[in-house]
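S.K.: 3D model of this:
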Amino acid sequence: MDDVTPEPDRHLPSVRASDAERDATAKLLRESFSEGRLTLAEFDDRTSRAYAARFRSELIELTHDLPIAHHEHDSTPATRPHGAPARRVTGGVTGASGPAYSLAIMGGVERAGAWTLPSVHTAFALMGGIEIDLRGASLQSHETTIRAFAIMGGIDIYVPDDIHVEIEGLGLMGGFGEESGSWKPDPRPVRQAPPGAPVIRVTGLALMGGIGVRRVPRSED
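M.R.: Residues are numbered from 1 along each chain as shown. Prediction:
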């Protein structure tokens, strides 16, 4: 059987789309753009059409050629290979690749849970917000660079305490640096990273925005 992406069904009942469905479609488009599946022109056009859509069939047409299941079901038990553990060991250097970009334009992007941070990751927030949570993430390389740029937006980066962090950013009419003090979501004490631990360097620019890096306890397996 040929592996052909099905075209949207033009004869679907005209069911009205909800605000939540429009937002979910826009989120999928942002993620697909950050992964290089859409060009900037395609992203702008489809996002505008998503928020203007009146019916579900219009939203389906905007996303029929995108891997929706990849975003919706990657971590559910039904999609795990038979015999795989419910949770994997986090924090290792695997050599596997991961998403190269996180992009938020007047919206929000969150990367958390079990995912892989590539050796170079670029985060760009324009009047939007990005959260990069590495507590459950694995690394592609022993040394990693996160290039963070926030323009009238914010980027929060959470690095587990078993990883060294180096910050080399600039804040212009904004803030760029490490956040200290207690962290309410996890009151456990933050430890020093052991010798020889992986290194994450955070570089970039905050222009009328904020980029914060916080060392936090590693997620418990």
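S.K.: who touches stretch 211-221?
M.R.: With contacts defined as CB atoms under 8 Å, 6 or more residues apart in numbering, stretch 211-221 is touched by 87, 89-91, 135-136, 148, 150, 154-162, 165, 167, 169, 171, 174-180, 183, 186, 188-191, 202, 204. Every C-beta, even on glycine, is put in place using the N, C-alpha and C of the backbone.
S.K.: I'd assumed Ile60 was in a helix, is it?
M.R.: Yes. According to DSSP: H, G, I helix; E, B strand; the rest coil, Ile60 belongs to a helix.
S.K.: ok, it to Val15 distance?
M.R.: As judged by CB to CB, to the nearest Å, Ile60 and Val15 stand 10 Å apart.
S.K.: of these two, who's got more company?
M.R.: A count of neighbours by other CB atoms under 10 Å puts Ile60 above the other of Ile60 and Val15, at 17 against 10.
S.K.: before we move on, back to that, now intersect the contacts of stretch 211-221 with the strands, please.
M.R.: Among the contacts of stretch 211-221, the residues falling in strands (DSSP state E) are 148, 150, 154-160, 165, 167, 169, 171, 175-178, 202, 204.
S.K.: quick check: pLDDT value at His142.
M.R.: For His142, the pLDDT comes out at 90.
S.K.: wait, it touches Val199, no?
M.R.: Yes. Here His142 reaches Val199: they are 7.1 Å apart, a contact under CB atoms under 8 Å.
S.K.: that older thread, mind giving me the ChimeraX select for the ones in strands among the contacts of stretch 211-221, buried ones only?
M.R.: With 16 or more other CB atoms under 10 Å as the burial test, the buried ones among the ones in strands among the contacts of stretch 211-221 are selected in ChimeraX as follows:
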select :148,150,154,155,156,157,158,159,160,165,167,169,171,176,202,204
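S.K.: His142 and Val199: who's more crowded?
M.R.: Set His142 next to Val199 and count neighbours by other CB under 10 Å: Val199 wins out with 16 against 11.
S.K.: contact partners for the more buried one?
M.R.: By CB under 8 Å, 6+ apart, the contact set of Val199 is His142, Glu143, Thr144, Ile163, His164, Val165, Glu166.
S.K.: give me the buried subset of those residues.
M.R.: Among these, those classed as buried by 16+ other CB under 10 Å are Thr144, Ile163, His164, Val165.
S.K.: and the gap between the third one and Pro195?
M.R.: Which is His164. According to CB to CB, His164 stands 9 Å off from Pro195.
S.K.: could you dump the top helix by length along the chain to CSV, C-alpha only?
M.R.: What stands out as the longest helix in the chain, according to DSSP state H, is helix 19-34. Written as CSV, here are the backbone C-alpha positions of helix 19-34 (Å, rounded to 0.1, in the frame of the first residue of the first chain):
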residue,chain,number,x,y,z
ASP,A,19,-11.6,28.9,20.4
ALA,A,20,-9.7,26.0,22.0
GLU,A,21,-9.5,24.2,18.6
ARG,A,22,-8.2,27.3,16.9
ASP,A,23,-5.6,27.7,19.6
ALA,A,24,-4.6,24.1,19.3
THR,A,25,-4.2,24.4,15.6
ALA,A,26,-2.1,27.6,16.0
LYS,A,27,0.2,25.7,18.5
LEU,A,28,0.7,22.9,16.1
LEU,A,29,1.6,25.4,13.3
ARG,A,30,4.1,27.1,15.6
GLU,A,31,5.8,23.8,16.5
SER,A,32,5.9,22.7,12.9
PHE,A,33,7.5,26.0,11.9
SER,A,34,10.1,25.6,14.6
